[in-house]
Every structure is written in C-alpha cells, then in structure tokens.
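Chemist: 3D, please:
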Amino acid sequence: QADNARLAFERAGAECFQVSSVTEVLAALALARQIRDRRIDLLHVHSDPDRRVGQLAALLTGTPVVGHLHSPWAHLQPMYSDRAGPLGKASAALKARLRRAVERKVVKHYVAAGAQVAAFHADLVDAPITIANNGVDVSRFTPVTADSRRRGRSALGIGHDVRLLVCVGRLAPGKGQDELVRLLASVPGAVLLLIGDGGERTALSRQAEALGVSDRVILAGEREDVSLLLRAADLFVLASVSEGLPISVLEAMACEIPVVAYDLPGLRDVITDGRDGCLVTLGDREALASVIRDLLEDESSRATLGNAARETVMARFDARHMARDAEAAYDVVLGNEPLDSRRSGGDRLVTR
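Modeler: Predicted structure coming up:
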C-alpha cells in the first residue's frame, strides 16, 4: 500500500521521501532533518503515528502543523485497556497530558472530515477547525455500466444474476464485518464481498464456516481494482458501530451503488435516508437485513437511490472540494492569500 501511495503522489507531481526508524523518537529526529534540509513550511498529520512522529519533529523545528480529524474519537484522552491497573491508568494519563501539551504547542489549525467530526472535537481542541469533507475522484469512480458490471463480476468469478453485497474497509473490531456475515443467513442467495484486510480476517473466515455461509463470503483482501469491483455490486453494506466519513461509502455512491448502513452521525452528514441511501437504527440487525432484502428485490428503487447518491457526491464530496478546503486551512496557517497561485493554478485540482 505504501508503494502504491508513493506512486500516486509521484504521478501527481509530488516529491516523496520515506522516514523510518526502529523507534518513533529516531523517526522524528530523521523527519526533523528532512524538514530543515528541504525547508518544509508546514506538516499535515493524520493518524496516530503521524501525530506522534510529526508533531515531535514539528516541536524540534518550530514547524506549524495542520491536524486532520477523521472520526469522532477523542485521541487526546488517556487510552488503556479494561484490564489496566492503577499503574497502567496513571501511565496512560501522563502520556495523554504529554500528547495534549505537544499538540497544543504545534497544531495551529485542524481539518475535520465532516461537520459531525468537527462538532465532536470543537470543545476538545484549542486550534480552529476547518471542515473539509472527505472527497473522491469522480472521474475514477463512475456509474455502473453493463460492461463494467460484467468485468467486475468476471474478476470475482461470479455470475451475472448473483445478488452481490460489498463492504470495503479494514477487517477490524467495530467495523461490522462480523455483523454482515451473521445477517447473511437471513438474506438468501446473496454473496458478501469483503474488500480489505486486517487482524479479523481469520476470525471472519471461521465465523462464516461456523454459520454455514462460507460459500457466500468472499474475502478479497487488499485490491487495486476497487472501483471495478464496486461496480459489480448490487448494494454497498456497512455495519460499523463508529465512523467518521468513510471514503468507501463515497466511492460506492459515486458509482451509483446504493448504501445501506447503520445510522451514525458521520453517515448522516452524507446520506439522507430514503433519498440517496438507507440508514437503519444502530444495532438493529433484523432491520438492516430487511432493508437489504427489500432493495435486492427492487431494481427500480436501487436505481433511484443510486442516481441520487452520485448527485450528492458530485455536489458536496468531489475530491476537488476537499483539496480546496484543506488548502484554505494551509493559507490561514501560512498567512497566504486564499488559494495562493503558487500552489493552485488552473491546471490543478483547486481553482478559483
């Protein structure tokens, strides 16, 4: 995945370099050297490793940071397992205080992947928050055609008439793939395609076997042809118990694949139930299965939802909008005029 991301950046004209080391402290020192040598003006951090390594390097070099908030998760709070004793909890509290101190020192602005994510963090962080809705490349994720559906199904080795449910995401606790495998027994004849990999892969395989549905579950792993496989599907299904604004949902909507998911705040930002997708009360597995069954039998409703879903993405979740809003945060931090021409010409994603 790292190699693929690097190639994508390079194709877009970005210079890439890799920072790795045996410890995060040494990685931060290596990154600090790169910041000085390359005269980097700003760091944009996303995940926990980004934050720890990037923010320490920023502290060492005085470089401003833009922090990306992807989900309603309090990353600055103490983190420990249910089995942690007093010493473990005290250690977690100390680490949390250090994280907060460093973050408050170096992060000058935040970018949130949706209004609900921004609202969750508004009282937890000190710096301003700009909303930059997650976005997708609408020229890559295009509506289903008879040819793309045929090619996608051929790549999976399944027939034209098979009712195909797809879910894209890490195979991890809380992501709901186990819920989807469980409800498959009440959706006769449907096949579930799980795209992605992770620590739950073996458990999901065993669960499917134990429930007698292993012949209807495809664990596809990481794939480079996600856009093609999405267009092989009848429905995109999601049973996560917590999400920010999943890119995979937007990709499916851009392909005019209707989404059926649990009703989560982040998804409510994107989907209007019954208009461009379907949202079901969190944890109501029977209702989720019922909506899936009904839509699989109603091609006209699927088409109506799918058409509206792409319209929603085109209007609000095009990657160009996301890039524009993220650059606006950069402009604030760097003191540039909005959409400074040094970075955003007419041939770039972001234009005036």
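
Chemist: And the strands in the stretch 201-350 of the chain?
Modeler: Under the criterion DSSP state E, counting those that start in this stretch, the stretch 201-350 of the chain carries strands at the ranges 217-221, 235-238, 259-262, 278-280.

Chemist: quick one, longest helix in this structure?
Modeler: The helix that spans the most residues within the chain, counting by DSSP state H, is helix 86-106.

Chemist: Show me which residues of that one are buried.
Modeler: By neighbour count, with 16 or more other CB atoms under 10 Å as the criterion, the buried positions of helix 86-106 are 92, 96, 99-100, 102-103, 106. Yep, even glycine has a C-beta here, placed from its N, CA and C like the rest.

Chemist: P258: which of those residues is nearest?
Modeler: Using CB to CB, E103 is the member of these that lies nearest P258, at 39.1 Å.

Chemist: picking that back up, out of the strands of the stretch 201-350 of the chain, deepest packed?
Modeler: strand 235-238 (a mean of 27; mean count of other CB atoms under 10 Å).

Chemist: gap between the longest helix of the chain and the chain center?
Modeler: Going by CA atoms, centre = their mean, to the nearest Å, the spacing between the C-alpha centre of helix 86-106 and its chain's C-alpha centre is 26 Å.

Chemist: What lies in contact with that helix?
Modeler: Residues from elsewhere that reach helix 86-106, judged by CB atoms under 8 Å, 6 or more residues apart in numbering: 51-52, 55-56, 58-59, 63-65, 67, 75-81, 84, 125-127.

Chemist: I'd guessed R216 sits against A190; true?
Modeler: Yes. Taking CB atoms under 8 Å as the definition, R216 is a contact partner of A190 at 6.8 Å.

Chemist: Need the residues touching each of these two.
Modeler: By the contact definition CB under 8 Å, 6+ apart, R216 and A190 are jointly contacted by L184.

Chemist: Looking at D276 now. What's its pLDDT?
Modeler: Per-residue confidence for D276 comes out at a pLDDT of 96.

Chemist: try I257
Modeler: Per-residue confidence for I257 comes out at a pLDDT of 97.

Chemist: what about it, distance to L295?
Modeler: Between I257 and L295 the distance, using CB to CB, to the nearest Å, works out to 11 Å.

Chemist: shared neighbours, the two?
Modeler: Common neighbours of I257 and L295, using CB under 8 Å, 6+ apart, are 234-235.

Chemist: Those two: who's more crowded?
Modeler: Per other CB atoms under 10 Å, whichever of I257 and L295 has more neighbours is I257, with 27 against 19.

Chemist: Tell me which residues touch E243, please.
Modeler: Listed by CB under 8 Å, 6+ apart, the contact set of E243 reads 71, 264, 266-267.

Chemist: Mind checking which of those are buried?
Modeler: Members of the contacts of E243 that pass the buried threshold by neighbour count (16+ other CB under 10 Å) are listed as 71, 264, 266-267.
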